[in-house]
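Peer 1: Build me a structure from this.
(one chain, ligands or ions: 1)
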Amino acid sequence: MTYSFRTPFFSAAALAMAVASAPALAADPKAAFTLPDLPYATDALAPAIDKETMELHHGKHHKAYVDNLNKRIADYPKLGEQSIEAVMANIGDYDVAVRNNGGGHYNHSLFWTILAPEGKQGEPSQALSARISKDFESKDKMVKAFNDAAAANFGSGWTWVVVKDNGELAITNTPNQDNPLMSDAKEKGTPLFGLDTWEHAYYLQYQNRRPEYINAFWKVLNWNEVNKRYDAAKK
Ligand code: MN3
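Peer 2: This next block holds a predicted model:
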């Protein structure tokens, strides 16, 4: 069957109506958020973080946050039109399911990018090193303070290094899937990097030995990416 350009089906009026009623954004607004691919193979971070943990953590845990976040768009149409960062900044507009699953999506999306295989991490840039020395005296002291905070974060949560509005760096813990972008965070700032201290992040490999996992984190922290985030946060 062929259509003539002049058939009513293709009339200019029908075409204009079709264009006017087309969704402005994604074809399927209920799937506005998507699981990002890992920027490396699931075994690339071993032995610091093993393959099985990465597969479960990314493919099951993070995917569940994305799926459950997308389910909330039915009740919050605005949710499907905002970036995940904007959702965090306006978290008071949403319910606890958006808080937990949206936080989970933001936190894990960031986490994958600030990890890199051993040997491909780089080093803190001159600018970042200078800032670390100013705020923590030395990188070693920053690492110590971060490790102490991560070990002490009771239950499930995250430990962060953030850039505050005044340019200073700070270490802060958040509970559950909260993060320092949330409008009601006790220490607000732009995350440079964060460490997932939920048991699902380390229990398969380290069991109850969270401090060993925290130490291993520094062997796969992607300073090249952290440097970029620091430069972007300063602007
Ligand atoms: Mn996790």
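Peer 1: residues in this protein within reach of the ion, list them.
Peer 2: Asp196, Trp198, Ala201 (Cβ under 5 Å from the ion). (Glycine included, C-beta is placed from N, CA and C.)
Peer 1: Return the subset of the residues you listed lying in strands.
Peer 2: Asp196 (DSSP state E).
Peer 1: average model confidence for stretch 189-199?
Peer 2: Confidence over stretch 189-199 (mean pLDDT, whole number) is 97.
Peer 1: buried residues in that stretch?
Peer 2: Gly189, Thr190, Pro191, Leu192, Phe193, Gly194, Leu195, Asp196, Thr197, Trp198 (16 or more other Cβ atoms under 10 Å).
Peer 1: Go through the chain and flag its longest helix.
Peer 2: If you go by DSSP state H, the chain has its longest helix at helix 96-113.
Peer 1: If you rank every helix and strand of this structure by mean pLDDT, what lands last?
Peer 2: Lowest on mean pLDDT, DSSP states H and E among the helices and strands of the chain sits helix 12-21, with a mean of 47.
Peer 1: what are the bridge partners for whichever residue of the chain sits closest to the ion, then?
Peer 2: Per Cβ to the ion, Asp196 is where the chain lies closest to the ion, at 4.2 Å. For Asp196, the beta-bridge partners are Trp158 (DSSP bridges).
Peer 1: Could you verify that His170 is part of a helix?
Peer 2: I think there's a mix-up here, since residue 170 is Ala and not His. No. Going by DSSP: H, G, I helix; E, B strand; the rest coil, the assignment for Ala170 is strand, not a helix.
Peer 1: show me the contacts for it.
Peer 2: Asp135, Val161, Val162, Lys164, Glu187, Gly189 (Cβ atoms under 8 Å, 6 or more residues apart in numbering).
Peer 1: what about the strands in the chain?
Peer 2: Using DSSP E, the strands of the chain run over 157-163, 169-175, 190-196.
Peer 1: Tell me how many other residues surround Asn100.
Peer 2: Asn100 has 16 neighbouring residues, counting by other Cβ atoms under 10 Å.
Peer 1: And Lys188, by the same measure?
Peer 2: Neighbours around Lys188, by other Cβ under 10 Å: 17.
Peer 1: again with Asp165
Peer 2: Should you count by other Cβ under 10 Å, Asp165 turns out to have 9 residues around it.
Peer 1: mind checking pLDDT for it?
Peer 2: Asp165 is given a pLDDT of 95.
Peer 1: quick one on the thing from earlier: and the furthest pair within the contacts of Ala170?
Peer 2: Pairwise distances across the contacts of Ala170 peak at 13.2 Å for Asp135 and Glu187 (criterion: Cβ to Cβ).
Peer 1: Who has more neighbours out of those two?
Peer 2: Legend: neighbour count by other Cβ under 10 Å for Asp135 and Glu187, higher for Asp135 (17 against 13).
Peer 1: Would you quantify the distance from the closest residue to the more buried one other than its chain neighbours to Asp140?
Peer 2: For Asp135, ignoring the flanking residues on the chain, the nearest one in space by Cβ to Cβ, 6 or more residues apart in numbering is Leu169 at 4.5 Å. According to Cβ to Cβ, to the nearest Å, Leu169 stands 15 Å off from Asp140.
Peer 1: For Thr42, grab the count of nearby residues.
Peer 2: Neighbouring residues of Thr42 were enumerated by other Cβ under 10 Å; the total is 18.
Peer 1: list the contacts for it?
Peer 2: Taking Cβ under 8 Å, 6+ apart, one finds Lys51, Met54, Glu55, His58 in contact with Thr42.
Peer 1: How about the contacts made by the nearest residue to it once chain neighbours are set aside?
Peer 2: Once flanking residues are discounted, Thr42 sits nearest to Met54: 4.2 Å by Cβ to Cβ, 6+ apart. By Cβ under 8 Å, 6+ apart, the contact set of Met54 is Leu38, Thr42, Asp43, Leu45.
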